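**Student:** Quick one, what's the 3D model for this:
(one chain, ligands or ions: 1)
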Amino acid sequence: MPVFEYEHLDGECELGEHRFAILHSVGEGELRFCPWCGKDVRRVVSPVQFRTRSGFSAAKAAKHGLTTWKRARKGEWEKVDGPGVDGIISSEEDRAALEAETQAEPDR
Ligand SMILES: [Zn+2]
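**Tutor:** Got it, this is the predicted structure:
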């Protein structure tokens, strides 16, 4: 599963996680906003730097202050490693907004 690193478009996260990494499949689409503070985020295009011969190392990333989460199910992430919170569960409202945003995309 690929790792996607995200950063906030506009300054710091309210929870202090300016950059974070999410493990998810390409088909799940990009995150449009931070699961914590709701601000806009963008996917960092450059390759994730924390790779070993066996692939991405969340533990190594954690040493650099980057927290990695993997998506457990829609709107929910659980932490793999790093200093961040143990889990993220989006509110129903956030999920609905995400759905709406995803569906609106082709019309842009
Ligand atoms: Zn945030």
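**Student:** Report the contact partners of residue 89.
**Tutor:** If you count contacts by CB atoms under 8 Å, 6 or more residues apart in numbering, residue 89 has them with 75, 76. (Each C-beta comes from the backbone N, C-alpha and C, glycine too.)
**Student:** beta partners of it?
**Tutor:** residue 76 (DSSP bridges).
**Student:** State the distance from it to residue 65.
**Tutor:** As judged by CB to CB, to the nearest Å, residue 89 and residue 65 stand 23 Å apart.
**Student:** Give me the below-cutoff pLDDT ranges for this structure.
**Tutor:** 1-2, 16-18, 24-28, 45-52, 98, 101-108 (pLDDT under 70).
**Student:** What parts of it come near the ion?
**Tutor:** On the criterion CB under 5 Å from the ion, the ion has as its neighbours in the chain the residues 13, 34, 36, 37.
**Student:** Helix or strand: which one has the residue most central in space within the chain?
**Tutor:** Geometric centre of the chain, nearest residue: residue 22, 3.9 Å, by CA atoms, centre = their mean. Secondary structure from DSSP states H and E places residue 22 in strand 19-23.
**Student:** ok now that strand, how far from the chain's centre?
**Tutor:** Chain-centre distance of strand 19-23: 4 Å, with CA atoms, centre = their mean, to the nearest Å.
**Student:** In the sheet, which strands lie alongside that strand, parallel or antiparallel?
**Tutor:** strand 3-8 (antiparallel), strand 67-73 (parallel).
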